[in-house]
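**Q** Sequence first, then the predicted structure:
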Amino acid sequence: MKKKEKTTTTSTPNLYNMEAAKKAGLKPDKTGHWGSRVPAGKSRGLILKDEKHPTFHKTIAAEGAAGYKVYKNTKTKALHSFPGKEKVGKEYEPYKTTTKTIPSQGGKAYAKPRRKK
């Protein structure tokens, strides 16, 4: 019997789509950090962090800073990001976030996910 491979990070179990990351061919960098978005291929643009992931807002902010726009797929509910000028299909709607400014980052705004109460 094969031993089941552990596929979640220790600090954020079930808040990162490790299966999709591996399927896309992603691997951790030399520090052990996995990417937050699928950069190419069939799942291009897929955001791998769940909205409840503790650094999800940093991912959304980084996407915006890189000139990408984040969308929610209305069919799958998955989040994707695409270059700002790229036309997206009708199944995508802009992802809505709240914003907050971080003075330590030069006053740049970052997206903070809306949490259910």
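**A** All right, it came through fine.
**Q** Leu46 contacts His80, correct?
**A** Yes. The criterion here is Cβ atoms under 8 Å, and Leu46 meets it with His80 at 5.6 Å. Bear in mind the C-beta positions are built from the backbone N, C-alpha and C, glycine included.
**Q** tell me the average confidence for stretch 75-90?
**A** For stretch 75-90, the mean pLDDT works out to 95.
**Q** C-alpha coordinates for it, CSV please?
**A** Extracted in CSV, the C-alpha atoms of stretch 75-90 (Å, rounded to 0.1, in the frame of the first residue of the first chain):
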residue,chain,number,x,y,z
LYS,A,75,-19.7,28.8,-13.1
THR,A,76,-16.9,27.3,-11.0
LYS,A,77,-16.6,30.2,-8.4
ALA,A,78,-12.8,30.0,-8.8
LEU,A,79,-10.7,33.2,-8.9
HIS,A,80,-8.5,33.9,-11.9
SER,A,81,-6.3,36.9,-12.8
PHE,A,82,-5.5,38.0,-16.3
PRO,A,83,-3.5,40.9,-17.8
GLY,A,84,-5.5,44.1,-17.4
LYS,A,85,-6.1,44.7,-21.1
GLU,A,86,-7.0,41.1,-21.9
LYS,A,87,-10.6,40.4,-22.8
VAL,A,88,-12.1,37.7,-20.7
GLY,A,89,-15.1,35.4,-21.4
LYS,A,90,-18.7,36.1,-20.3
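**Q** buried set for that stretch?
**A** For stretch 75-90, burial by neighbour count (16 or more other Cβ atoms under 10 Å) applies to Leu79, His80, Ser81, Phe82.
**Q** bridging residues for the residue nearest in space to the middle of the chain?
**A** In the chain, the C-alpha nearest the mean C-alpha coordinate belongs to Ile47, at 2.9 Å (Cα atoms, centre = their mean). With DSSP bridges as the criterion, Ile47 is bridged to Arg37.
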